[in-house]
Structures are given as structure tokens and as C-alpha cells.
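A.B. asks: turn this into a structure:
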Amino acid sequence: MNRREPFVALVAVVVLASILLSASLAWSETLKPWTIDAIGTGLILALVLWMDLDARRRRIVPCHDFGFLTMVVFPASLVWYVFWSRGWRGVFLLAGLLGLWAVPFLSAVATAILVRR
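C.D. replies: Predicted structure coming up:
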């Protein structure tokens, strides 16, 4: 497996979510509730899959059900994983992941502002 493969897949999901959310806002005044739910669920699944693939790539999987357990306790598991796997440098990774998670919503707001002008 390529070293950057889990992160590239995560970025691809974020780019796809940005395009879908921006296009949805460009065509409609408001978003449907299922659109926001679907985008949010997709981003959560992408982050959980990234954690699982990253742990397997680094060969530090703590248990066989790691992917399932990270999904069950998602927000806490993301914080735990970045600090457990990277130490104090996990702060920078966590900030980057949270910024990456916010990109689709910020691009949708920018699209709405530009379209409504």
C-alpha cells in the first residue's frame, strides 16, 4: 500500500463532498436536511476509514475490531487515535483533519455568497 493512500482517499471524499454541497446550494436557496446528513455521514465514514487504514499501514492496530470501535465512539476515537499514534504532534494532525472536515461547508458558504450576488 502506498504511504499516502489513506490520506489521498480522505481528500478525495472531501473534494467530492465540496462539489456536491456547492452544486446543491448553487441550484437551490436552501439545503434539504438529507443533503447535510448524507454529507456529514460520508465525512465521518471517511475519517473512520482513514483511521483504520492508517493504523493498518503503520501496523499499530490495537484490536481486531478497531474500525467498528472507532465508529461507535467516533468523535472521541479520532482525538484518541491522533494522540495515541503520533504523540504531541497529533495536535497538528487533528487541526488539519478538522480543517479538512470544514472545507465542504466553507466552500458551500462561499458558493452561496458568490451565486447570490
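
A.B. asks: quote the end-to-end distance of stretch 66-80.
C.D. replies: Using CA to CA, to the nearest Å, the end-to-end distance of stretch 66-80 comes out at 12 Å.

A.B. asks: and that stretch, how far from the chain's centre?
C.D. replies: Centroid separation for stretch 66-80 versus its chain: 13 Å, with CA atoms, centre = their mean, to the nearest Å.

A.B. asks: neighbours around residue 56, how many?
C.D. replies: Number of residues near residue 56 (other CB atoms under 10 Å) recorded here: 14. (Glycine included, C-beta is placed from N, CA and C.)

A.B. asks: state the distance from it to residue 64.
C.D. replies: 11 Å (CB to CB, to the nearest Å).

A.B. asks: what's the answer for residue 50, then?
C.D. replies: Counting by CB to CB, the gap from residue 50 to residue 64 is 19 Å.

A.B. asks: the helices in the chain, which residues?
C.D. replies: Per DSSP state H, the chain carries helices over the ranges 5-27, 33-58, 66-72, 74-86, 90-116.

A.B. asks: let me have those in JSON lines, extended by mean pLDDT.
C.D. replies: Putting these into JSON lines (pLDDT from 0 to 100) gives the following:
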{"stretch": "helix 5-27", "mean pLDDT": "87"}
{"stretch": "helix 33-58", "mean pLDDT": "88"}
{"stretch": "helix 66-72", "mean pLDDT": "89"}
{"stretch": "helix 74-86", "mean pLDDT": "92"}
{"stretch": "helix 90-116", "mean pLDDT": "90"}
